[in-house]
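Undergrad: Got a sequence here, can you build the structure:
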Amino acid sequence: MTKPSVALDNTETRDNFAWFLTIPTRWIDNDMYGHMNNARYYSLYENLIMTYLEQESGLNTGTGPVRCFTAENGCRYHDALKYPQVVDAGLRVSRIGNSSVRYEMGLFAVGQEQVAATGFVVDVFVDAKTERPVTVPDDFREALSRCMLSD
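TA: Presented below is the predicted three-dimensional model:
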């Protein structure tokens, strides 16, 4: 199941994302230049995705039958985020495959309309015991479908 993707560039708007999580930055997130460290953006993306899966599909990373392993990711930086800003992290699902899903994200400073960063993550669903790919379970597929943009 695929929905048309938009650009994942600095033209992204909040309306292009289906679900949001507000995440405060921390002082330790800044690098020596006073901007949020590049690795922290990926941490925000992971936090956004995992929170969505936990809240919307009941993912249990400790005892659940499936896990999500990241197979690919990327980030584009459009404007600097930094402590003490609060981030509105937007999420959409652009593709659901047999065993994988592609998430697309946009990070916005609270109160700002311009996207600060855009990114994507491709996760593969795996059996928790064997760590081999499995078909995306129906409850996850339903939750992921709710995060896809309408045509």
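Undergrad: where do the helices sit along this protein?
TA: 38-57, 138-146 (DSSP state H).
Undergrad: With residue 118 as the reference, name the closest of those.
TA: In terms of Cβ to Cβ, the element of the helices of the chain nearest to residue 118 is helix 38-57, at 9.9 Å. Using the backbone N, CA and C atoms, a C-beta is placed for each residue, glycine as well.
Undergrad: packing partners for that closest one?
TA: Under the contact definition 3 or more Cβ pairs under 8 Å, 6 or more residues apart in numbering; DSSP states H and E, helix 38-57 sits against strand 19-24, strand 66-77, strand 86-96, strand 100-109, strand 117-127, helix 138-146.
Undergrad: what residues does it touch?
TA: The contact list for helix 38-57, computed with Cβ atoms under 8 Å, 6 or more residues apart in numbering, reads 19, 21, 23, 25, 29, 31, 59-61, 68, 70, 73, 75, 77, 81, 87, 89, 91, 103, 105, 107, 117, 119, 121, 123, 139-140, 142-144, 146-147.
Undergrad: Just the buried subset of the residues you listed, please.
TA: Buried members of those, counted by 16 or more other Cβ atoms under 10 Å: 19, 21, 23, 25, 29, 59, 68, 75, 77, 81, 87, 89, 91, 103, 105, 107, 117, 119, 121, 123, 140, 143-144, 147.
Undergrad: Buried deepest among the helices of the chain, which one?
TA: Neighbour counts averaged per stretch over those are highest for helix 38-57, at a mean of 18; criterion: mean count of other Cβ atoms under 10 Å.
Undergrad: What's the mean pLDDT across it?
TA: The average pLDDT within helix 38-57 is 94.
Undergrad: Could you export that helix as PDB, keeping only the C-alpha atoms?
TA: The C-alpha coordinates for helix 38-57 follow below in PDB (Å, rounded to 0.1, in the frame of the first residue of the first chain):
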ATOM      1  CA  ASN A  38      22.800  15.900  14.200                       C
ATOM      2  CA  ALA A  39      22.500  12.600  16.000                       C
ATOM      3  CA  ARG A  40      19.700  14.000  18.200                       C
ATOM      4  CA  TYR A  41      17.500  14.500  15.100                       C
ATOM      5  CA  TYR A  42      17.600  10.700  14.600                       C
ATOM      6  CA  SER A  43      16.700  10.200  18.200                       C
ATOM      7  CA  LEU A  44      13.700  12.500  17.800                       C
ATOM      8  CA  TYR A  45      12.600  10.500  14.800                       C
ATOM      9  CA  GLU A  46      12.900   7.200  16.600                       C
ATOM     10  CA  ASN A  47      11.000   8.600  19.700                       C
ATOM     11  CA  LEU A  48       8.300   9.800  17.400                       C
ATOM     12  CA  ILE A  49       7.900   6.500  15.600                       C
ATOM     13  CA  MET A  50       8.100   4.300  18.700                       C
ATOM     14  CA  THR A  51       5.600   6.500  20.600                       C
ATOM     15  CA  TYR A  52       3.200   6.300  17.700                       C
ATOM     16  CA  LEU A  53       3.500   2.500  17.500                       C
ATOM     17  CA  GLU A  54       3.100   2.100  21.300                       C
ATOM     18  CA  GLN A  55       0.100   4.400  21.500                       C
ATOM     19  CA  GLU A  56      -1.700   3.500  18.300                       C
ATOM     20  CA  SER A  57      -1.000  -0.200  17.900                       C
END
